[in-house]
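Q: fold the following.
(chains A and B)
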Protein chains: 2
Amino acid sequence: MKLYGYFRSSAAYRVRIALNLKGLSAEQVPVHLRKGEQRAPPYAARNPQKLVPALETDDGALLTQSLAIIEWLEEVHPQPPLLPSDPLDRARVRALALSIACDIHPVNNLRVLLHLRDALGQDQEARDDWYRHWIGVGFDGLEAMLADDPRSGTFCHGDTPTLADVCLVPQVANAERVNCDLTAYPTILRIATTARALPAFAAAAPDRQPDAE
Amino acid sequence: MKLYGYFRSSAAYRVRIALNLKGLSAEQVPVHLRKGEQRAPPYAARNPQKLVPALETDDGALLTQSLAIIEWLEEVHPQPPLLPSDPLDRARVRALALSIACDIHPVNNLRVLLHLRDALGQDQEARDDWYRHWIGVGFDGLEAMLADDPRSGTFCHGDTPTLADVCLVPQVANAERVNCDLTAYPTILRIATTARALPAFAAAAPDRQPDAE
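A: Residues are numbered from 1 along each chain as shown, chains lettered A, B, ... in the order given. You can find the predicted model right below:
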């Protein structure tokens, strides 16, 4: 398999963690987002969404969207599972993951920040305020979902990592990079700290990738 | 079951379509987003993300996040299926759905538009430009994903509706409401027109809901 990604892309970071947790390896193919490589051939011709990550299977199929890639990994390499077995529990883990993947990350994505700068003339401080605002809104909800539910354990759901942790750790890393104050989110921080200490998460960190700057 | 939603929420619209396609009924409980009812008790106490939709099961469990709700419906009410059986095809359908649910809809969500107005002082014209910009970026990619793949059929994937169509129709309805020019997206328009003619989609439309204004 080949993973098209970017060291700092938190969506690519999710897939790196999932591959590691499953004990799978993929050749990394860097797509430099800040240089716009995702908008040029050959990458854009294969992934017209012009986003990373994309996973190429050994048969040459190209999968896009980090959560679709991870659900596929879960279906074809079910062990160890990243989703619980009970449907209600699966729904909870997916909701936690989607609360990050839909409602926090896209609003703070690089292309949105560049559009705020280029189309709306927002300076660095305004863009950082934007970033922190949506981290706050999202983490307020996520902290309550985690702290108030007895199904939370060492990790977001129980005592083994799931898709929710796979999404949580990259989002916490992003928040820290923009110096968000996370002291109001003790459950998020506890879980993220525990998860990041695992080799599968540690090896997926941005600064450990071949294209890290 | 009870569906907490809002007639104009495209995420709630997705769940309404999925319920209809599955032949399931749920009591609708309106949460008036423009009046801020999602941020007040009792709703906010049960869903700390303060978003709609949420689905309450007959056992009183509350599920959140539209795609997590629909995956749960698919698992407990598998007929008719909203995902194909082959893992690669499932990945394609989920990627199409997520390209809308992650990369188009959240950036144009009501709370983002209100933040553009209140925190960044953007007027109606600037907010409409923002909306149309992200529809354009997202639909450019989606049109290519649909037009260039032989797996597209009468619907996004083959000749029966899937999770991808469930996401596509509400997004097209939103784009029309802001007067986006969609002539560059013939495949999207063809599929959305076909899907909207089906009773399950038609009955889920915003203007057919009890809280429609």
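Q: quick check: phi and psi at the residue of chain A most remote from its centre.
A: Relative to the C-alpha centroid of chain A, counting by Cα atoms, centre = their mean, A:G121 is the outermost residue, at 27.9 Å. Per-residue torsions, A:G121: phi 60, psi 30 (degrees, to the nearest 10).
Q: does stretch A:95-103 reach chain B?
A: Yes - residues of stretch A:95-103 are located near chain B by Cβ under 8 Å from any Cβ of the partner chain, namely A:A95, A:L98, A:S99, A:A101, A:C102, A:D103. For glycine as for every other residue, the C-beta is placed from the backbone atoms N, C-alpha and C.
Q: reformat these as JSON lines; add neighbour count and secondary structure.
A: Formatted as JSON lines, the residues of stretch A:95-103 next to chain B follow (neighbours: other Cβ atoms under 10 Å in any protein chain shown; DSSP: H, G, I helix; E, B strand; the rest coil):
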{"residue": "A:A95", "neighbour count": "24", "secondary structure": "helix"}
{"residue": "A:L98", "neighbour count": "25", "secondary structure": "helix"}
{"residue": "A:S99", "neighbour count": "26", "secondary structure": "helix"}
{"residue": "A:A101", "neighbour count": "30", "secondary structure": "helix"}
{"residue": "A:C102", "neighbour count": "25", "secondary structure": "coil"}
{"residue": "A:D103", "neighbour count": "24", "secondary structure": "coil"}
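Q: would you check how far apart the residue farthest from the centre of chain A and B:L120 are?
A: 10 Å (Cβ to Cβ, to the nearest Å).
Q: so A:L96 sits against A:S152, correct?
A: No - look at A:L96 against A:S152 with Cβ atoms under 8 Å: they stay out of range, at 9.3 Å.
Q: what do these two both touch?
A: Taking Cβ atoms under 8 Å, 6 or more residues apart in numbering or on different chains as the contact rule, A:L96 and A:S152 both touch A:L146.
Q: and the two? which has more neighbours close in?
A: A:L96 (27 against 19; other Cβ atoms under 10 Å in any protein chain shown).
Q: next helix or strand past the helix or strand containing that one?
A: For A:L96, the element it lies in under DSSP states H and E is helix A:87-101. Downstream of helix A:87-101, the first helix or strand assigned by DSSP H and E is helix A:110-118.
Q: for that next one, packing partners?
A: helix A:124-147, helix B:124-147 (3 or more Cβ pairs under 8 Å, 6 or more residues apart in numbering or on different chains; DSSP states H and E).
Q: TSV for these, including mean neighbour count?
A: Output for these, formatted as TSV (neighbours: other Cβ atoms under 10 Å in any protein chain shown):
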stretch	mean neighbour count
helix A:124-147	18
helix B:124-147	18
